[in-house]
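> structure for the following, please:
(2 chains)
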Amino acid sequence: MAVNILIVDDSGVMRSMIKKSMQMSGLQIGEIYQAANGREGMDALDQHWIDLVITDINMPVMTGEEMIGQMHERPDLKTIPTIVVSTEGSQTRIERLKTKGLKFIHKPFSPEKIRDTVKDVLGSEVFNEPNA
Amino acid sequence: MNPMLSRKLVEVTADTLEKLAFIFTFPSEDAPAVEGQDQEVVRVDFSGPFGGGLELSLPSSARGELAVNMLGAEDGEELSPEQQRDALKELINVVCGNLLPVLAGHTEEFNLRPPYMVSDESAVWDDPAAVGYLMLENGACRVRMRLDGSPDQFLPGLEPTGGPLSS
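Below is the predicted model of the structure:
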């Protein structure tokens, strides 16, 4: 099974870093879609089949937290596995996100951290053998 | 100027440069001559239990290396000025996000605004709360912090042995 991924971050460089980490991870990737804020992320979720969302929190137009809130109000979107990749340092906010079933990765991150978290969320079966 | 705040500013900036962009630095006690040199200056503002901003000034010659390292670009690969500026903005975003919990503790919630490049129209910071310097391979980096009010008012833990700063 190839995984369709949506990366939501207002930094193009950060989106590229995450994309490269995903491509190095051994994950069987279908399509990688990108969005620069939560609003664009919601649009992408409406237009494409997405298996995994990776999102920042602090973004203009619509924050990641607002986007996740909207996803959880939609039966067709609320079960999509979501990983937050952020500089967020507030345990209060992180715990609030975790209660919604989200995983959290702190910036700066290592490619291994991305791989291990995705594996934790999606399982080893969507990874190629050498990295599984 | 608060020396404890300045020290934390330098530590978090150096750590972020190393982890995010594989750029190694040395702290500089004295202010290197950055005025008048070709520098790229980027800022991010934040709000929360206290508000303020963070500013990073890097030699223009380091901008390309920063972006290449962050993106893992191939040797000789040219990155656009937009990508290079975006890398700088992400750098200060990560520095700020990692600095605030060091200063205020890990329970306080802050909101970071989108980082921006400083231009002639940008506000002048006459009296920053903290300033620190780092030496890079190709020049000096200056990092400054502005707080809406005095740091002692908002950060009672600035004493060397007490509060979040000591952690």
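> every contact and neighbour count from this point should use C-alpha atoms.
OK.
> break down chain B into its strands, ranges please.
For chain B, the strands defined by DSSP state E occupy B:26-28, B:39-47, B:52-59, B:111-112, B:116-117, B:130-136, B:139-147.
> what's the pLDDT at B:G163?
Note on B:G163: pLDDT of 47.
> oh, that last question was meant for B:V124, not what I typed.
Reported pLDDT for B:V124: 85.
> burial of it, as a residue count?
9 (other Cα atoms under 10 Å in any protein chain shown).
> related to what we said a few turns ago, adding mean neighbour count, mean pLDDT and distance to B:L91, write the strands of chain B out as a markdown table.
Formatted as a markdown table, those follow (neighbours: other Cα atoms under 10 Å in any protein chain shown; pLDDT from 0 to 100; distance: least, Cα to Cα, whole Å):
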| stretch | mean neighbour count | mean pLDDT | distance to B:L91 |
| --- | --- | --- | --- |
| strand B:26-28 | 16 | 84 | 17 |
| strand B:39-47 | 21 | 94 | 9 |
| strand B:52-59 | 22 | 94 | 9 |
| strand B:111-112 | 19 | 92 | 13 |
| strand B:116-117 | 18 | 95 | 11 |
| strand B:130-136 | 22 | 91 | 15 |
| strand B:139-147 | 22 | 92 | 12 |
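> out of those, which is closest to A:T82?
Minimum separation from A:T82 across the strands of chain B (Cα to Cα) falls at strand B:111-112, 20.8 Å.
> list the helices and strands the closest one packs on?
Under the contact criterion of 3 or more Cα pairs under 8 Å, 6 or more residues apart in numbering or on different chains; DSSP states H and E, strand B:111-112 touches strand B:39-47.
> which strand residues bridge A:I32?
Beta-bridge partners for A:I32, by DSSP bridges, are A:I5.
> surely B:L79 touches B:A67?
Yes - here B:L79 lies in contact with B:A67, judged by Cα atoms under 8 Å, at a distance of 7.4 Å.
> returning to what we had before: so which of the strands of chain B comes closest to A:Q47?
Of all these, strand B:111-112 comes closest under Cα to Cα, at 29.2 Å.
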